[in-house]
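Student: next input, structure requested:
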Amino acid sequence: MNSEILATCCALGYLEGDTYHKEADCLESVKDLIRYLRHEDDTRDVRQQLGTDQIVQNDLLPIITQYRQDKSLFDACIRLMVNLTQPAMLCFGKVPDDPVFRQHFLKVTSHLEAYKEAFASESVFGILSETLYNLLQLDWEQRQEEDNLLIERILLLVRNVLHVPANPCEEKKVDDDASVHDRVLWAIHMSGFDDLVKFLASAQSEQQWSLHVLEIISLMFRDQTPEGLVSAGHTRSAEEKQRDANELELLRQKEHAEIRSRAAITFKNYSHDIGKSVRRVPKRNRRAQETQDQRRSALNVRLFLREFCVDFLENCYNRLMYLVKESLIREQTQQHDETYYLWALSFFMAFNRGNGFRADLVSETMSIRAFHYIERNITNYYEMLLTDRKEATSWSRRMHLALKAYQELLFTVNEMDRSQDEGIRQSSNVIKSNIFYLMEYREIFLTLLRKFDETKQPQSYLKDLVETTHLFLRMLERFCKGRRNLMVQRKRVKRKKSRGKKPQSAVDRSPEALAETWKVVEEELKTSGFQLSGALMESIVPFDATSETPLEDQRTEAMVRVQDALLARLGPEALGLLRAAREVWPEGDVFGSADVEPEEELELLKQILNANLPRSTPPEAAVEEEDSPAELEEEELESVQVSETEFNFLDFIKRFANPGVVRPYLLLLKTYSKNTPHTNHCIVRMLHRLAVDLKMDALLYQLSVFHLFNKILSDPSSAAYKELVTFAKYVLNRFFSLAAKNDKAYVELLFWKNVGAVREMTEGYSKDGDGKKPSWTEEEEEELRKLYEEHRDSEDPDIVETLLPLLSNSSRTRRHVVLQLVHMGLVQSTKELKKPKKGTGIVLWTEEQVQELQMLFEEFRDSDDVLGNILKKITAKRSRARVVDKLLSLGLVSERRELYKKRRRTAKGKSSGRAMTEEEFLAELTRGHPDEPASRDDDEDEGEEESEESDEEDDEEEQDKEKSPKAKQFNENMIMEFIEPSFLLDLPSGLSGPLMWLQNSLNRTANDREEDGCSQPVPFVPLTEANEDAMENKSFQRLLRKLGMRPPANEQERFWRIPAKISVSQLRSAAAALSPREDEPEDRGTATETQEEEEEEDSQEKRAQALRALLLTRKRKQLSSDDAGKRGKLSCYRQTSVQSLLIHPDSSSTVFIRPQERNSTKRSRSRVLDDEEGTVLLLPLQ
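Tutor: Numbering: from 1, shown residues only. The predicted structure is shown next:
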């Protein structure tokens, strides 16, 4: 015990009989106690000592009752009591898990209970009421800031006292007896404080206290129910008497049945489970605990509260609920204050229904806005229930409160239907039309039933959910009966195909519209000064290394995305995507050169906007599906289309025919003996809709369900459950009738069944493969064989399209024909019959055209007329100005004058090079490389051809691709291409350890996937500070993106992950790319020591590349001489596609980049090789 605190308490004064004598320094002592509380420790030692000394009961309350004229002392005592009576949950933050702190928590709670009992005095609340009344009499001009603080502190003090939880074990009170809480409420009533609360709720000048008032009212009615208050003081009706008589009869039957069962214990009733220990259920699997039970207060308290409800509804409800709702919408409240709004809505609307329903008294909360607000809160509470697992119990209670409010809104709408006033019934129809029309309100109960979790949500929540669903379906069924064509809203989610293609958007592409769009985009970009925010650039990802889409197709998609952003008039997004794509695809300067100027970027964007880019996926290829609101939030990035459709009630009920919906009903049915008759009726009615109306009784053919039915039928008091008994007998009779026909029915009892399994169980099982592959007769196969033999040597680019109209069976699709040709062995793989890609006449420079321009420039750069020769030889004819602009943008020339006609100048030192023969040149190159295979280029060309994929390939083609080692080689090379050694050198210093950790993680994952044979996303979990800092480094994150790693998808993920799509070989290639090259310098400052080695390796690489280029040229010349007679017919194929060879300056590995299209026209006049310093080696091939 702290002696200073004890001395301060003694300096307050002393109580002699009923008279309190204060000391001279009483005010200073109160202020000292306030300071002590401000500096108490985590155990709340000061608060516990003051509670043990009973300072509130013996000092503070006598001071405010006898010295209320001393304003300073009164204010200080009120301030101290507000601090002492604050809830224990606010003092400790939560219920402590530590036993020591739990004991301190319980001590503080016991002191609060003693404080509450001391406040159950009319004299104390009389002083508070009188003081509050005098303050409220002051006008706003006369009221000081201290007066407003005192008003708020009095309201907080009353709130804290009412908030103290009851302790039934200590009070030992029964129903209709006055508990401590009842005594406090009676003191509030006798002092007139309840009238002041109603005044604060209704006065226009006191609206700032609206939330305090609502909180006090909710705590006043904490133990009450609307039905209990409505019936207070009224004689019981005949219906209530009959209901009580039925309950007594049921209890009597149960008692007699138990007596008979105890008296007639035989061997038949013996169970082997008797005496066994109950299996311990893990804590995470235990059912959620119910909230505190309701109790019936003393009659005089209930009568006073009933009169309070009547006055509050007539004078205060609509105004107070409006003010609170506005404060919640404007976020002028504290966290979770909306729970008081939800409670008040459900409680007072239920009281209004029972106490002679009047719609005008609750008009403020009877609107579509109220439905929307509650539906949004239910969704939010459910999301927090999943994410905030530590506070799952609190979120579950809030969700239950929101559900009760939604239920009461439906009850009120249903009550409005029965009103005698035509205007009220019309308003009810308007509300029902809206809630039945909108998809969110229609399917909220279906979603809640599917997402029910008994470990987090109590059974009382499930009971209210089942009853609310029953009410909603009954209202919806009645609403549909009088209408033939009921139109409702339907939301369709356009999902991408598995390849991720975007549907082509229908946008006005007229020249006038494009000109207007470009004017807006150009002005926006010039206004921003071509500067983009860092957040925008980080959010743009033009390339997905884990996607199955080929590299060139992704480049085309990136170009289309730039055009879509321009058409949507999103200039910064389009410019950011262009710059990001330029970093991913720098070769060919398709997206502009690295040192491009802003004006050149603007011109390139204009060309993209006006270009007719290829869009491979038509709009009808998107799959449209209807989804629930909870599932729509997961796909908010997808396009959602809202349309109208005709509503069918039975089709809507079919969505409840799901095991996830049936299980909660059966879980609630297990407690049928404790349920109310109405709850059991709601359960049976839903099961009746599924089993009888939809004829899906097989959904209930499950062993646990039959065990429950057996328990109901064998219950001695089963006569009280006539509905349950009748339904159970119906289902069992149907099952035994089916079992006589289906000998597998008893096995089906072990499993829950969906709609497909129900259909198979009742209508017959289908054979494996039925409906998957259409059958071909022998005549049809022979016809297909003949047609294929006739047209296999034709020049048609797509033989399948030629065969389709010639088949006698016109129902065959392209996929059917392709699969049958493979099955018959006429073709080896479906890849041989894929659709050829169509060329486009876009005005943009393709990669092949840019490479051709570079080669032509290098070929004619020393000629007299560089530009003229280029225009003569270039394949894609363009204007002189376009060619000049492109040469300037590529940086091949710095000024236009360099392209003017000039006199012929011969360069020195070239005669020796031209005099060398091919044999000499070949011999020179092959020196030191005698084992270089001559057919390597051809093999790799074929590997590149086989690695190409199309968006229309089926699953069989994907399997072929996985089995192809050449396709894997391409993926590995593609990864090696993007992880250049120069990129690793540009990483900040100190990342060698994280790079080694990253490499080990990739290798470990590759080994695990190779051993297990399955792939799962694997997170990168940094366990050291260095690795954790590296994962936050922007350069390191860019490296992860280039490797194909996936960043955290949402707020629920914290770590980067290795996607499941990446194969074992790709993981090992990525790990190998992180290894330091043998020729890399260990220290950047020692460049002079490694210069000779780099020059030697550069020369070796150039020799090897020149050798490959020369071998390829020889083979092409040989092929061209053999096919010279066929050039007339095949003139369109005269120019062949040539693979580009790119040699890494710091690596001996060769990376092959395949062309964008297989039939693209690339003019192969020379081969350009870039070395590390950017110099160009020109090898003439012809």
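Student: can you give me the strands in the stretch 401-550 of the chain?
Tutor: Applying DSSP state E, counting those that start in this stretch to the stretch 401-550 of the chain gives strands spanning 487-495.
Student: which residues of it fall in helices?
Tutor: Here the stretch 401-550 of the chain has its helices, by DSSP state H, counting those that start in this stretch, at 422-437, 439-442, 444-450, 459-481, 511-528, 534-539.
Student: need those helices in a markdown table (columns: distance to Tyr672, mean neighbour count and mean pLDDT).
Tutor: (Glycine included, C-beta is placed from N, CA and C.) Below are the helices of the stretch 401-550 of the chain laid out as a markdown table (distance: least, C-beta to C-beta, whole Å; neighbours: other C-beta atoms under 10 Å; pLDDT from 0 to 100):
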| stretch | distance to Tyr672 | mean neighbour count | mean pLDDT |
| --- | --- | --- | --- |
| helix 422-437 | 31 | 15 | 90 |
| helix 439-442 | 29 | 19 | 88 |
| helix 444-450 | 19 | 20 | 92 |
| helix 459-481 | 12 | 18 | 93 |
| helix 511-528 | 66 | 14 | 79 |
| helix 534-539 | 55 | 11 | 66 |
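Student: redo those as TSV? Include distance to Cys10.
Tutor: Output for the helices of the stretch 401-550 of the chain, formatted as TSV (distance: least, C-beta to C-beta, whole Å):
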stretch	distance to Cys10
helix 422-437	65
helix 439-442	64
helix 444-450	59
helix 459-481	50
helix 511-528	72
helix 534-539	63
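Student: quick one: closest of the ones you listed to Gln1066.
Tutor: When the helices of the stretch 401-550 of the chain are compared by C-beta to C-beta, helix 534-539 sits nearest Gln1066, at 25.1 Å.
Student: the helix or strand just after that closest one packs against which elements?
Tutor: Going down the chain from helix 534-539, the next helix or strand is helix 551-567, by DSSP states H and E. Identification of packing neighbours for helix 551-567 by 3 or more C-beta pairs under 8 Å, 6 or more residues apart in numbering; DSSP states H and E yields helix 511-528, helix 571-584, helix 598-610.
Student: what's the closest of those to Gln457?
Tutor: Smallest distance to Gln457 across these (C-beta to C-beta): 42.7 Å, for helix 571-584.
Student: buried ones in the closest one?
Tutor: For helix 571-584, burial by neighbour count (16 or more other C-beta atoms under 10 Å) applies to 571-582, 584.
Student: ok, back up a step: the helices and strands packed on helix 551-567: which one's closest to Glu778?
Tutor: Across the helices and strands packed on helix 551-567, closest to Glu778 is helix 571-584 (C-beta to C-beta), at 53.0 Å.
Student: can I get the closest one in PDB, CA atoms only?
Tutor: Extracted in PDB, the C-alpha atoms of helix 571-584 (Å, rounded to 0.1, in the frame of the first residue of the first chain):
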ATOM      1  CA  GLY A 571      -2.600   9.900 -70.400                       C
ATOM      2  CA  PRO A 572      -0.300   9.300 -67.400                       C
ATOM      3  CA  GLU A 573      -1.200   5.700 -67.200                       C
ATOM      4  CA  ALA A 574      -0.500   5.200 -70.900                       C
ATOM      5  CA  LEU A 575       2.900   7.000 -70.600                       C
ATOM      6  CA  GLY A 576       3.800   5.000 -67.600                       C
ATOM      7  CA  LEU A 577       2.900   1.700 -69.300                       C
ATOM      8  CA  LEU A 578       5.000   2.800 -72.300                       C
ATOM      9  CA  ARG A 579       8.000   3.500 -70.200                       C
ATOM     10  CA  ALA A 580       7.600   0.300 -68.200                       C
ATOM     11  CA  ALA A 581       7.300  -1.700 -71.400                       C
ATOM     12  CA  ARG A 582      10.400   0.000 -72.800                       C
ATOM     13  CA  GLU A 583      12.400  -1.400 -69.800                       C
ATOM     14  CA  VAL A 584      11.100  -4.900 -70.400                       C
END
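Student: who does that helix touch, helix- and strand-wise?
Tutor: For helix 571-584, the elements it packs on are helix 511-528, helix 534-539, helix 551-567, helix 598-610, judged by 3+ C-beta pairs under 8 Å, 6+ apart.
Student: now that helix and helix 551-567, what's the angle there?
Tutor: 160 degrees (axes from the mean of the first three to the mean of the last three C-alpha atoms, to 10 degrees).
Student: now the angle between helix 511-528 and helix 571-584, please.
Tutor: 80 degrees.
Student: start at 621 instead
Tutor: Taking 621 as the first residue, the last one we looked at is helix 1191-1204.
Student: so how far is helix 1191-1204 off the chain centroid?
Tutor: Relative to its parent chain, helix 1191-1204 has a centroid offset of 27 Å by C-alpha atoms, centre = their mean, to the nearest Å.
Student: where in the stretch 1471-1620 of the chain is pLDDT low?
Tutor: Applying pLDDT under 70 to the stretch 1471-1620 of the chain picks out residues 1522-1610.
Student: before we move on, the earlier item: pLDDT check: weakest of the buried residues of helix 1191-1204?
Tutor: The lowest pLDDT within the buried residues of helix 1191-1204 belongs to Val1204, which sits at 75.
Student: so that one sits right up against Ile1160, yeah?
Tutor: No. Contact between Val1204 and Ile1160 fails when scored by C-beta atoms under 8 Å: they sit 10.7 Å apart.
Student: measure stretch 1160-1177 end to end?
Tutor: Taking C-alpha to C-alpha, to the nearest Å, the first and last residues of stretch 1160-1177 lie 14 Å apart.
Student: what do you get for stretch 906-922?
Tutor: Using C-alpha to C-alpha, the end-to-end distance of stretch 906-922 comes out at 37 Å.
Student: and it, average pLDDT?
Tutor: The average pLDDT for stretch 906-922 rounds to 79.
Student: re earlier: closest one of the buried residues of helix 1191-1204 to Gln1474?
Tutor: For the buried residues of helix 1191-1204, the residue nearest Gln1474 by C-beta to C-beta is Arg1202; the value is 17.2 Å.
Student: leaving out chain neighbours, which residue sits closest to the closest one?
Tutor: Nearest residue to Arg1202, sequence neighbours excluded (C-beta to C-beta, 6 or more residues apart in numbering): Phe1211, at 4.0 Å.
Student: turn the helices and strands packed on helix 1171-1187 into JSON lines, including distance to Ile675.
Tutor: Formatted as JSON lines, these follow (distance: least, C-beta to C-beta, whole Å):
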{"stretch": "helix 1131-1148", "distance to Ile675": "66"}
{"stretch": "helix 1191-1204", "distance to Ile675": "65"}
{"stretch": "helix 1218-1230", "distance to Ile675": "74"}
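Student: need the buried residues of helix 1191-1204 in TSV (columns: distance to Asn1295).
Tutor: Formatted as TSV, the buried residues of helix 1191-1204 follow (distance: C-beta to C-beta, whole Å):
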residue	distance to Asn1295
Gly1191	63
Pro1192	60
Glu1193	57
Ala1194	62
Leu1195	64
Gly1196	60
Leu1197	60
Leu1198	65
Arg1199	65
Ala1200	61
Ala1201	63
Arg1202	68
Val1204	63
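Student: of those residues, which pair is most distant in space?
Tutor: Farthest pair in those, by C-beta to C-beta: Gly1191 and Val1204, 20.7 Å.
Student: count the neighbours of Gln955 for me.
Tutor: 6 (other C-beta atoms under 10 Å).
Student: distance of it from His1020?
Tutor: Between Gln955 and His1020 the computed distance is 18 Å (C-beta to C-beta, to the nearest Å).
Student: ok, now Thr672?
Tutor: Taking C-beta to C-beta as the measure, Thr672 falls 38 Å from His1020.
Student: neighbour count: those two, which is higher?
Tutor: Under the criterion of other C-beta under 10 Å, the comparison of Thr672 against His1020 puts His1020 first, with 21 against 13.
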